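J.: My questions are about this predicted structure, shown below with the sequence.
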Amino acid sequence: MVGAERESITQRAFTGGLPADAFIDATLADIHRRYLGLDDGEVADYIPILAEADPSRFGLSLIESAGAVHEIGDADLEFSIQSISKAFVFALVCQARSTELVHERVGVNNTGLPFNSVMAIELNDGKPLNSMVNAGAIATTALMPGATSAEKWENIRSGLSRFAGRQLRLDGRVYQSEMEANQRNKALARLLESYGRIITDPLDTVDVYTRQCSLLVTAHDLAVMGATLADGGINPLTRSRVVSAEVARDTLALLASCGMYENSGEWLFEIGLPAKSGVSGGIVAIAPGKGALGTYSPRLDSAGNSVRGQRACFHISRALGMNLFASNAVERPWKG
Ligand code: GLN
């Protein structure tokens, strides 16, 4: 976003709650209409089956912490969650084991390099740096409780389902397609093993990681999952606790610095929200205490982030006062 377009959208401050329902609905409808015709970017094809996605699809969902649902377009269309799973597996592992463990074994700093970088590991003495890039995500999946890979997988599937408030299912075709094309992730796992960073079987761990990436979600699901993190770990629709408020906070801090890969700084500067994207075209963006946005549009930019999704998040964050850094001066009547 540059120049005139950046400033053409009125910036509402984060201070206070979200605007009235009718305003939110009208804003989503306007944004959906505005960006529907935008066809910049390319659908991912390094996992062959992802190339079959229909690039015209575009869905937006905003779910408030209090439970209100606002949606437009293809908000109920299923797609594989891909890298967005990393955010929620990180939270589940922190909850089940400890945040300190993940901090120590994986790290919480941005790599500044692409999501599947080998160099990031080499430059940092084998430390994968954060759970949002592939190497760190594989190392995080390895820390999931479970005596066998099947148990780890079941813990991930049921945990992500609690975030979504419904049973998520695996897309077998996506899983197969990625397993045939994920030599790089297998190499990353072997490299981590060589540095003693994972102690489980590397190829079994990549298998579980690939399954977690192949779970089907919708933009609606992403918004529910994000709104759970926005609501101190309680799912706003089922009202059941998924993770502690501390884990929700730590997950959001990590997403703010690492969720959008090497574009995380630019994203935070423009949109001001912790977020996570995936190569199938989803984005979840979270406004703590307010709610979360889920977007779906499969055309990506060069970092692997959805082009229309980013535009929509920018516009929504600005128009609805979701940018964490935008404040209004408080009233100070007592100061005379
Ligand atoms: N499953 C994908 C991979 O490992 C996820 C990547 C992504 O969404 N950026 O390459």
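T.: Structure's in. What do you need? If you're wondering where the values come from, they're calculated on a predicted model, not measured in any experiment.

J.: all helices of the stretch 1-150 of the chain, in order?
T.: Residue ranges of the helices in the stretch 1-150 of the chain, as given by DSSP state H, counting those that start in this stretch, are 3-8, 21-36, 84-96, 99-105, 119-122, 134-142, 149-164.

J.: Flag every residue of the protein that's near the ligand.
T.: Contact residues, the chain versus the ligand (Cβ under 6 Å from any ligand atom): 82, 83, 115, 116, 134, 178, 185, 213, 278, 279, 304. (C-beta placed from N, C-alpha, C; glycine too.)

J.: Out of the helices of the stretch 1-150 of the chain, which is closest to residue 244?
T.: Closest approach to residue 244 among those is made by helix 84-96 (6.4 Å; Cβ to Cβ).

J.: mean confidence for the closest one?
T.: The average of the pLDDT scores along helix 84-96 is 98.

J.: what comes into contact with it?
T.: Contact partners of helix 84-96, identified using Cβ atoms under 8 Å, 6 or more residues apart in numbering, comprise 101-102, 131-132, 136-137, 140-141, 143-145, 155-156, 159-160, 163, 212-213, 215, 217, 222, 225, 229, 242-244, 247-248, 250-251, 254-255, 259, 276-278, 282-284.

J.: Would you mind getting the angle between it and helix 134-142?
T.: 40 degrees (axes from the mean of the first three to the mean of the last three Cα atoms, to 10 degrees).

J.: start the count at 32, not 1, going forward
T.: That works, and once the first residue is 32, the last one we named lands at helix 115-127.

J.: Run the chain-centre distance for helix 115-127.
T.: Relative to the centre of its chain, helix 115-127 is centred 11 Å away, using Cα atoms, centre = their mean, to the nearest Å.

J.: Equivalent analysis for stretch 175-193, please.
T.: Here stretch 175-193 is found 19 Å from its chain centre; the criterion is Cα atoms, centre = their mean.

J.: That one: which residues count as buried?
T.: For stretch 175-193, a neighbour-count test (16 or more other Cβ atoms under 10 Å) marks 175, 180, 183, 184, 186, 187, 188, 190, 191, 192, 193 as buried.

J.: Likewise for stretch 106-115?
T.: Buried, per 16+ other Cβ under 10 Å, within stretch 106-115: 106, 108, 109, 110, 111, 112, 113, 114, 115.

J.: And the furthest pair within those?
T.: Every pair of the buried residues of stretch 106-115 checked by Cβ to Cβ; the farthest is 106 and 114, at 20.0 Å.
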